[in-house]
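A.B. asks: need a 3D model of the sequence below.
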Amino acid sequence: MVAENRHSRMVTKMVDLRSDTVTKPTEAMRAAMANAEVDDDVLGYDPSALRLETEMAKITGKEAGLFVPSGTMGNLISVLVHCNIRGSEVILGNNSHIHIYENGGISTIGGVHPRTVKNNEDGTMDIDLIEAAIRDPRGEIVYPTTRLICLENSQAK
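C.D. replies: Take a look at the predicted model:
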């Protein structure tokens with residue numbers, strides 16, 4: 001938000017960061033991308049990606065950072081890191097992005113079974129429902145093993 005002192009008027013501009021699919025780059029952003037110093041990021045040689053990952057790790061107090069081009073890819077990686085055994089189960093809200101909008105990637109790519117819990121109107125889930133959805137590990141011969149619970153701070157409404 002930009003404040004303008006003249007006549008005490010407030011000038012605002014909406015910046016929508018809720019999704020990688022609605023964010024539109026400005027001409028300055030396009031120029032920065034076109035002129036960015038790049039190299040092979042898979043081999044760790046891309047200076048722009050390395051600077052971004054290093055800065056984000058510092059800001060968040062983490063050991064390292066990893067740039068991914070979309071929220072969908074970030075969610076998929078996060079689920080697969082915790083559910084690293086095919087047939088694992090993740091508990092998530094029935095209105096969550098991972099469940100509804102990410103093309104079933106956790107199942108298709110990762111072999112992870114989603115187990116949904118009803119979201120409340122405000123997007124939260126009742127702890128009792130979450131606890132009831134956790135599988136008893138003694139049943140792992142016939143049921144998926146619960147390895148992760150995903151909570152969203154934005155809701156797919």
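
A.B. asks: my reading is that Phe67 lies in a helix. Confirm?
C.D. replies: No. Residue state for Phe67 (DSSP: H, G, I helix; E, B strand; the rest coil) corresponds to coil; a helix is not indicated.

A.B. asks: in the protein, which spans are strands?
C.D. replies: 2-3, 10-11, 88-93, 113-117, 145-149 (DSSP state E).

A.B. asks: which stretches of the chain have low pLDDT?
C.D. replies: Applying pLDDT under 70 to the chain picks out residues 1-11, 14-21, 41, 44, 154-157.

A.B. asks: please redo it, this time with the cut-off set to 80
C.D. replies: Low-confidence segments of the chain (pLDDT under 80): 1-24, 40-44, 153-157.

A.B. asks: max-length helix in it?
C.D. replies: For the chain, the helix reaching the highest residue count under DSSP state H is reported as helix 47-60.

A.B. asks: show me what that one is in contact with.
C.D. replies: Outside helix 47-60, the residues within contact range by CB atoms under 8 Å, 6 or more residues apart in numbering are Ala36, Glu37, Val38, Asp39, Asp41, Gly44, Lys62, Glu63, Ala64, Gly65, Leu66, Phe67. Where you see a C-beta, it was placed from the backbone N, CA and C, and this is true even at glycine.

A.B. asks: next up, the contacts around the last one.
C.D. replies: Contacts of Phe67 were listed using CB under 8 Å, 6+ apart, and they are Asp41, Ala49, Leu52, Glu53, Met56.

A.B. asks: just want the most central residue of the protein.
C.D. replies: Asn75 (4.0 Å; CA atoms, centre = their mean).

A.B. asks: can I assume it is in contact with Ser96?
C.D. replies: No. Using CB atoms under 8 Å, Asn75 is not in contact with Ser96; the gap is 9.2 Å.
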